[in-house]
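S.K.: Need coordinates for the below:
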Amino acid sequence: MTRRQEVIDAIKTRISAISPEAGNSYTPKAYEWMVGPLEYADLPAVIVRDTSDDVSDNGDGSMGHSLKVEIELYVADADAERMRGMAQELLRALRVEDFGDPVPVGDFFQLTGVEMELEQLEKKVGVVRIDTTVKYQTLDWSL
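M.R.: The predicted structure is shown next:
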């Protein structure tokens, strides 16, 4: 397994820990690069995408990676207040609280942006997009 896949798996593990038993208001389904349409019954859902990787040669046989990861939260019957609350719970689950984290995402996990959108079609659906950057090291020519 590549280090890049380990990063994505660690993020999905954190998302799967969101539940009422853990003090949250919802339990999302987590998907990686879902390409088909989400059904209304599938919500709430979170889709994780590793979209780009800026790689630098450290000059010592290793590579430095700055991986962009988009995390989208889809919410049924959403209003702005509910979306903000659910997004905050997701951010709490993603946050690296200490260096000895049992599910490390990377050497450095940074929140770089949050966007919200509310759409009314047949039913009201909200989307919160969370942009992150994960920094980590690998051997030369590795993901």
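
S.K.: alpha carbons only for contacts and neighbour counts from here, please
M.R.: Noted.

S.K.: Can you name the residues in contact with the strand or helix carrying Val114?
M.R.: Following DSSP states H and E, one finds Val114 within strand 108-120. Outside strand 108-120, the residues that touch it by C-alpha atoms under 8 Å, 6 or more residues apart in numbering are 78-80, 83, 95-96, 124-136.

S.K.: Spatially central residue in the chain, please.
M.R.: Ile71 (3.7 Å; C-alpha atoms, centre = their mean).

S.K.: count of residues packed around the closest residue in space to Trp33 that isn't next to it in sequence?
M.R.: Nearest non-adjacent residue to Trp33, counting by C-alpha to C-alpha, 6 or more residues apart in numbering: Arg49, 5.3 Å away. Arg49 has 16 neighbouring residues, counting by other C-alpha atoms under 10 Å.

S.K.: Arg49 is in contact with Glu32, isn't it?
M.R.: Yes. With contact defined as C-alpha atoms under 8 Å, Arg49 reaches Glu32; the gap is 6.2 Å.

S.K.: So Asp131, which state does it fall into?
M.R.: Under DSSP: H, G, I helix; E, B strand; the rest coil, Asp131 falls in the strand class.

S.K.: residues touching it, list them.
M.R.: Contacts of Asp131 by C-alpha under 8 Å, 6+ apart are 68-71, 111-114.

S.K.: quick revisit: tell me the strands beside the helix or strand containing the residue nearest to Trp33, with direction?
M.R.: Arg49 belongs to strand 45-57 when assigned by DSSP H and E. Using DSSP bridges, strand 45-57 pairs in its sheet with strand 29-32 (parallel), strand 62-76 (antiparallel).

S.K.: want to throw the ones you listed into JSON lines with distance to Ala10 and mean pLDDT?
M.R.: Converted to JSON lines, the strands paired with strand 45-57 look like this (distance: least, C-alpha to C-alpha, whole Å; pLDDT from 0 to 100):
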{"stretch": "strand 29-32", "distance to Ala10": "12", "mean pLDDT": "95"}
{"stretch": "strand 62-76", "distance to Ala10": "12", "mean pLDDT": "95"}
